[in-house]
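Enquirer: Take this sequence and fold it.
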Amino acid sequence: LLLGCELTASTKSYTFQVDEEDDSDHILALSVVCLTDGAKDECNVVEVVGRNHENQEIAVPVANLKLSCQPLLSLDNFKLQPPVTFRLAAGSGPVHLAGWHRIKHREDASFEEDDDLSEEDEEELPPIMPAKK
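Expert: Below you'll find the model as predicted:
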């Protein structure tokens, strides 16, 4: 699934969250952050707000865009775990964020792998030999 949102002076944040009862694994990957039509030549700082391993809220700047020197930033599919909030910490935008959302459905816990293969059927790999100098 594709994700897209725009942060502006009037809409400074966007939160991406999933249903708490959903037992699927969700990955959100941020690909591009860019200034769009109407942006002023000012610093626009975009933060990602999430939770750390101690469940404390943390905000991390991921982009500092300015029309005259860096209007676009490729984040190479920066992966995040929902829920996550994107916030325009400085500037008035508009800043467009684009990425994708992957959903991986967990297998049923009662599912067991087929153990019909005997050890004879499994292919044995040769040992790794050290390189000769």
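Enquirer: quick one, strands of this structure?
Expert: 2-7, 13-16, 25-35, 44-51, 57-65, 72-80, 84-90, 95-104 (DSSP state E).
Enquirer: buried ones in the shortest one?
Expert: Of the residues in strand 13-16, those buried by neighbour count under the rule 16 or more other CB atoms under 10 Å are 14, 16. (C-beta placed from N, C-alpha, C; glycine too.)
Enquirer: and if you look at stretch 42-58?
Expert: 44-50.
Enquirer: Identify the farthest-apart pair in those residues.
Expert: The span of the buried residues of stretch 42-58, defined through CB to CB, is set by 44 and 50 at 20.0 Å.
Enquirer: who touches the closest residue to residue 33 other than its chain neighbours in this structure?
Expert: Once flanking residues are discounted, residue 33 sits nearest to residue 63: 4.3 Å by CB to CB, 6 or more residues apart in numbering. For residue 63, the contact set (CB atoms under 8 Å, 6 or more residues apart in numbering) comprises 33, 44-46, 73, 75, 95.
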